Every structure is written in structure tokens, then in C-alpha cells.
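1. With the input below, show me the fold.
(one chain, ligands or ions: 2)
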Amino acid sequence: MAIKLTWLGHSAFSLDIDGHNVLIDPYLSGNPLAPAAHESLSPELILLSHAHGDHLGDTVAIAKRTGAPVVTNFEIASWMENRGVAVTHGMNTGGQMDFDFVTVKLTIACHSSSFPDGSYGGMPHGFIVTAADSGLRLYYAGDTALFSDMAMYGDERIDVAFLPIGDYFTMGIADSLRAIQLIRPRYVVPMHYNTFPQIVQDPSHWANRITNETDATPIVLDPGGSFTVE
Ligand code: NI
Ligand code: MN
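-> Numbering: from 1, shown residues only. Ligands and ions are numbered 1, 2, ... in the order given. The predicted model follows:
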């Protein structure tokens, strides 16, 4: 009973959960850090945090090719249906849905959400993903600032937190440390850094601070790299 996390660069992750694959924010085409082409991915479920192009990415192409349902907000789900995506779940903040191998809840994110053409993309979100068999729980914060209600997500006993550390568009390193103190995860994985000039960060500096200043274990992955949590 384990979850294998693979970083696909930026905020894109592939999760192998008890033999099922979940893809989050699959931005691969045009992503300078992407270790794979989207054609190589075969998710059973796609989670999409918001409409910005560096998250929306290849979602439509992957969903159409695989038939994987897309879990996202109501506005993005409607937009996807208009582009031929067969199965969407247009949820909203605080909503939760059971799939047979995971439960997914949409969390608050302090950010914005518009489509690449500037049209309204609904509210941005993060996700709490709980594996049905193992009970392992992940908190994927999405693009967000630090906010104090992260402590309430921490009360749900988070095994792995995924936090942006790039600064400029989201929280940076200093606020990610405060977030970890609120969330109290066993492991923390950095994301949303080094993709663009505005978000260049030193992940080893971040990891040293995590080790020295929090109780969490930092997991810094190379693009394409994996970590298994048990
Ligand atoms: Ni964004
Ligand atoms: Mn972003």
C-alpha cells in the first residue's frame, strides 16, 4: 500500500495509487522542464487546479485520448465539455467526491484563474487526495499564497504536502515554511519553481531550511524523478 509520486516539471505530477494513475495539472507541451510528452501518459483520472495555461496545459488532449474524467471547477468543466471532453466533474470549493480508489476534495487557494484567452476560469483550487485502500493522504496546494486555514487541512493528517515555492506568482520559500508549520505533513514536495525566470529558486536551500526549521522531510525531485510514500 503505497503512493508513487513522479514530478513532471512545474506543478505537474503523476501519482500511482494502488495501481491506478492520477495526473495533476498536466502542463507538458511548452514546459521547459517536462521530462515526457503528454502522449506517453495514460491517467485514469485528471485533477486540474485552475485555468492558467501553465496548469491547463495538455488536459484537453489527454482527456480526449484516454477518456479520463477531469476533476476541476464548474467553469473549467463547462469549457472542457464545449471542447469535446466526455467526462468532467465541475465541482466547487469544499466539495468532495469518491472515486473507487481515491477521494478528492477541492480546497481553497488564494490565487486567480483565467483561461489563456483571458476569459473567466472560476475559482482556483488545491486538492486533498485520500487513497481508499491505504488511507494515505496528499494535500496539493495548487497555485496559492499562504493562508491560515491551511492549519485546518493539517488537522486532516496529511502524509505529503505539495507546495509552490517559486514566489512572484505564488508563495515563496519563506511562506512555504510557515505553511508547513500549519499543515504538519510527514513529507513536503516543492513545485512551481525554475520553470520561468520569475520563479527561479534553489531547492537545496529550501530543503535545508525545511530540515532545520520544520518537522517535515523535504523531497526534492528532478523532472521525471519519483518518490514512494508508504
Ligand atoms: Ni496560476
Ligand atoms: Mn501557475
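
2. Now the terminal residues of stretch 110-124, how far apart.
-> End-to-end distance of stretch 110-124 (Cα to Cα, to the nearest Å): 7 Å.

3. tell me the mean pLDDT over it?
-> Averaging the model's pLDDT scores along stretch 110-124 yields 97.

4. Same question for stretch 193-213.
-> For stretch 193-213, mean pLDDT rounds to 98.

5. How about residues contacting it?
-> With Cβ atoms under 8 Å, 6 or more residues apart in numbering as the test, stretch 193-213 has contacts from 9-10, 31-33, 54, 164-169, 172-173, 176-177, 180, 188, 190, 192, 216-218, 220. (C-beta placed from N, C-alpha, C; glycine too.)

6. got the buried residues for it?
-> 193-196, 199, 201, 203, 206-207, 209-210 (16 or more other Cβ atoms under 10 Å).

7. Output the residues you listed in JSON lines, with secondary structure and distance to Met80 appended to each entry.
-> Formatted as JSON lines, the buried residues of stretch 193-213 follow (DSSP: H, G, I helix; E, B strand; the rest coil; distance: Cβ to Cβ, whole Å):
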{"residue": "Tyr193", "secondary structure": "coil", "distance to Met80": "27"}
{"residue": "Asn194", "secondary structure": "coil", "distance to Met80": "29"}
{"residue": "Thr195", "secondary structure": "coil", "distance to Met80": "23"}
{"residue": "Phe196", "secondary structure": "coil", "distance to Met80": "25"}
{"residue": "Ile199", "secondary structure": "helix", "distance to Met80": "27"}
{"residue": "Gln201", "secondary structure": "coil", "distance to Met80": "31"}
{"residue": "Pro203", "secondary structure": "helix", "distance to Met80": "32"}
{"residue": "Trp206", "secondary structure": "helix", "distance to Met80": "34"}
{"residue": "Ala207", "secondary structure": "helix", "distance to Met80": "36"}
{"residue": "Arg209", "secondary structure": "helix", "distance to Met80": "38"}
{"residue": "Ile210", "secondary structure": "helix", "distance to Met80": "36"}
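
8. give me the subset of those touching ligand 1.
-> Among the buried residues of stretch 193-213, no residue lies close to ligand 1 (Cβ under 5 Å from the ion).

9. on that earlier part again, in strands, which of the contacts of stretch 193-213 appear?
-> Among the contacts of stretch 193-213, the members falling in strands (DSSP state E) are 164, 188, 190, 217-218.

10. Quick check: pLDDT value at Met1.
-> As predicted, Met1 sits at a pLDDT of 79.

11. State the distance from the spatially closest residue to it that is not a sequence neighbour to Glu230.
-> What sits nearest to Met1 in space, not counting adjacent residues and going by Cβ to Cβ, 6 or more residues apart in numbering, is Ser134, at 3.6 Å. According to Cβ to Cβ, to the nearest Å, Ser134 and Glu230 sit 8 Å apart.

12. what is in contact with those two at once?
-> By Cβ under 8 Å, 6+ apart, the residues touching both Ser134 and Glu230 are 1-2.

13. Might one say that the residue nearest to Met1 is in contact with Phe101?
-> No. In this structure, Ser134 is not within contact of Phe101 by Cβ atoms under 8 Å, at 10.1 Å.

14. picking that back up, ok, Ser134 and Glu230, which is more surrounded?
-> Using other Cβ atoms under 10 Å as the criterion, Ser134 and Glu230 rank with Ser134 on top: 15 against 8.
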